[in-house]
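Engineer: build the 3D model from these lines:
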Amino acid sequence: MIQVLLFAGLQETFGQQEIKWDSLPETVGDLKVKLIEKHPELEGVSRSMVAVNEEYAEDKTVLKENDTVAFIPPVSGG
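Structural biologist: Alright, predicted model coming up:
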């Protein structure tokens, strides 16, 4: 299992900050695809910065059991 954390607009859209993900995707990129398939309202994860265990990660980053994956969407301002 991995813990998925959602921030800013993703959290607002989904209505909660945390998702417990029971299956273990191979990479961050795989997790993004599976999240969007299961929860289409989270399509913003495809444009988000990602951190695995509090370190920035790329789509090719391999995931391990008990990892914490955070999705941080881009912030816009004026």
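Engineer: buried ones in the worst-scoring helix or strand of the chain on mean pLDDT?
Structural biologist: In the chain, no helix or strand scores lower on mean pLDDT, DSSP states H and E than helix 8-14, which sits at a mean of 91. By neighbour count on 16 or more other CB atoms under 10 Å, the buried set for helix 8-14 is 10, 14. All C-beta atoms are positioned from the backbone trio N, CA, C, and that covers glycine.
Engineer: before we move on, what about stretch 69-78?
Structural biologist: When neighbours are counted by 16+ other CB under 10 Å, the buried residues of stretch 69-78 are found to be 69-73.
Engineer: for the protein, give me the ranges with low pLDDT.
Structural biologist: Along the chain, segments meeting pLDDT under 70 span 76-78.
Engineer: which strand or helix spans Val33?
Structural biologist: According to DSSP states H and E, Val33 maps onto helix 28-38.
Engineer: any chance of the buried residues of stretch 69-78 in a markdown table, with secondary structure and distance to Lys38 too?
Structural biologist: Output for these, formatted as a markdown table (DSSP: H, G, I helix; E, B strand; the rest coil; distance: CB to CB, whole Å):
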| residue | secondary structure | distance to Lys38 |
| --- | --- | --- |
| Val69 | strand | 14 |
| Ala70 | strand | 18 |
| Phe71 | strand | 14 |
| Ile72 | strand | 20 |
| Pro73 | coil | 18 |
